[in-house]
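S.K.: need a structure here:
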Amino acid sequence: MMLTHFPYVVTPPLTNCLESDVQAFLEANGRPKTLAHVQAVAEVCGQIARQYGLDERKCRAAGLLHDISAVIKPADMLHYVASHSLPVCEAEERYNFLLHQRMSRFVAEDHFGMTDSAVLSAIECHTTLYANATPYDMALFIADKLAWDQQGIPPYDEAVRHALDHSLEAACLAYMEDTMTSGRMLCPHTNWTLAYDWLTQKP
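M.R.: Take a look at the predicted model:
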């Protein structure tokens, strides 16, 4: 099991109820804010699922699991991917926490037994997105931004919600453009750049 690489991570017994298991896991590891965030993202992702005819169960599962690796220290994330000969881009080298989207997929699959490829893909790209993103990828990407983990309403909230009335692609692009023009971009992730180029080329 991959979590044995991180002896400080507490792993309560699983009950086969995802919502309960995620709550127990994050609470046991002292992550109440992460728990509140993933629960909010699951709710928003479920709303987007209903709006766009997606499987709500899958969207809620992706929301619950997308930040599950927050219990792992960012430096340990970098060590883990490096020790497994996994590629790391410049943005991940500089800001190790960006690896959490990939690490969350590993934890979701290995510890929580998630096998749904749509859910796992969405988790793996929820921070940066990537080119040829699926509707599930985009739904989680948007939900994560609308139910952000800071206080107040996100500065891009109105623009993204307005774009969401048109399409998932428009909402993703609205968020990306706002991030790049507002100065919040720390360092362009390779997948972010590819996703942005893909979105801008779509009709």
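S.K.: How about the contacts made by A122?
M.R.: Residues in contact with A122 (CB atoms under 8 Å, 6 or more residues apart in numbering) are 59, 62, 66, 134, 136-137, 139-141. The way it works is simple: take the backbone N, C-alpha and C, and place the C-beta from them, glycine included.
S.K.: Find the pair from those with maximum spatial separation.
M.R.: With CB to CB as the measure, no two of the contacts of A122 lie farther apart than H66 and T134, at 14.7 Å.
S.K.: more crowded one of these two?
M.R.: H66 (30 against 16; other CB atoms under 10 Å).
S.K.: tally of neighbours for L164?
M.R.: L164, neighbours per other CB under 10 Å, totals 22.
S.K.: ok, it to F141 distance?
M.R.: 11 Å (CB to CB, to the nearest Å).
S.K.: do the same with L65
M.R.: L65 is 14 Å from F141, by CB to CB.
S.K.: Ok, A91 next?
M.R.: 16 Å.
S.K.: where does the residue nearest the centre of the chain land on pLDDT?
M.R.: Nearest to the mean C-alpha position of the chain, counting by CA atoms, centre = their mean, stands H126 at 3.2 Å. You'll see H126 listed with a pLDDT of 98.
S.K.: How about the one 3 residues further on?
M.R.: According to the prediction, L129 has pLDDT 97.
S.K.: pull the longest helix from the chain.
M.R.: As assigned by DSSP state H, the longest helix anywhere in the chain is helix 32-52.
S.K.: For the helix or strand that that one is followed by, enumerate the helices and strands it packs against.
M.R.: Remark: after helix 32-52, the chain's next helix or strand is helix 56-65, criterion DSSP states H and E. Applying 3 or more CB pairs under 8 Å, 6 or more residues apart in numbering; DSSP states H and E, one finds that helix 56-65 contacts helix 18-28, helix 32-52, helix 100-110, helix 117-124, helix 135-146.
S.K.: Buried deepest among those helices, which one?
M.R.: Sort the helices and strands packed on helix 56-65 by mean neighbour count, taking mean count of other CB atoms under 10 Å, and helix 135-146 sits at the top with a mean of 26.
S.K.: Measure how the following helix or strand past that helix sits relative to helix 32-52, angle-wise.
M.R.: Downstream of helix 135-146, the next assigned helix or strand under DSSP H and E is helix 157-164. Interaxial angle of helix 157-164 relative to helix 32-52 (axes from the mean of the first three to the mean of the last three CA atoms, to 10 degrees): 30 degrees.
S.K.: where's P203 relative to T15, distance?
M.R.: Distance of P203 to T15, computed by CB to CB: 46 Å.
S.K.: Give me the more crowded residue out of those two.
M.R.: T15 (10 against 3).
S.K.: List the residues that contact that one.
M.R.: Counting by CB under 8 Å, 6+ apart, T15 has contacts 21, 24.
S.K.: quick one on the thing from earlier: any chance of the contacts of A122 in a markdown table, plus distance to M103?
M.R.: Output for the contacts of A122, formatted as a markdown table (distance: CB to CB, whole Å):
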| residue | distance to M103 |
| --- | --- |
| C59 | 21 |
| A62 | 15 |
| H66 | 11 |
| T134 | 21 |
| Y136 | 19 |
| D137 | 17 |
| A139 | 21 |
| L140 | 16 |
| F141 | 17 |
